[in-house]
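Peer 1: Next comes the sequence, and after it the predicted model I'd like to discuss.
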Amino acid sequence: MLIFFLLCVSFFSYSAVLYFSETPEKEPSGSLAAEGKLIWQQKNCSACHQLYGLGGHLGPDLTNVYSTRSEAYIRAFLKNGSPVMPDFKLSDQEMKALTAFFKYTNSTGTASPRSFSKHSDGTISQP
């Protein structure tokens, strides 16, 4: 019973430390990238697209789209949509903010879901 009690206290203490500690982000909250993140959430882009391998499967993973496509290509795609992606009628400021958000996500990590290895127990791993 003592071991169970110590494990519970340890768990709740560690949870409190994680919950109340603040991890600084690279990008300040009032930046253009933060505005782009809000637009990403408002337009529910993750229903179709992925970031870091998480999200929908209809569209491509956009974690590193900024390094694989030019800014002009991204803005043209955002402006016109495609046969699968609707035209959201984004303003010029919204397109700038989303492009800044893609630039930010590109600098924070990599993701290539096509290269993920699937295991028999249902887990995945990156090479």
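Peer 2: Sure, I can see it. Keep in mind the model is a prediction, meaning the values are calculated, not measured.
Peer 1: any idea which residue sits dead centre in this structure?
Peer 2: The C-alpha lying nearest the average C-alpha coordinate of the chain belongs to Leu51 (C-alpha atoms, centre = their mean; 3.6 Å).
Peer 1: That residue touches Leu62, doesn't it?
Peer 2: Yes. In this structure, Leu51 is within contact of Leu62 by C-beta atoms under 8 Å, at 6.2 Å. The C-beta positions use only the backbone N, C-alpha and C, and glycine is treated the same way.
Peer 1: what touches both of the two?
Peer 2: Shared contacts of Leu51 and Leu62, defined by C-beta atoms under 8 Å, 6 or more residues apart in numbering, are found at Thr105.
Peer 1: Low-confidence ranges, the chain, go.
Peer 2: Along the chain, the parts satisfying pLDDT under 70 run over 24-29, 113-114, 126-127.
Peer 1: any chance you could map the helices in it?
Peer 2: Here the chain has its helices, by DSSP state H, at 2-20, 32-42, 65-68, 71-80, 92-108.
Peer 1: Give me the distance from the last one to the chain's centre.
Peer 2: Pointing back at helix 92-108 there. From the chain centre to the centre of helix 92-108 is a distance of 11 Å (C-alpha atoms, centre = their mean, to the nearest Å).
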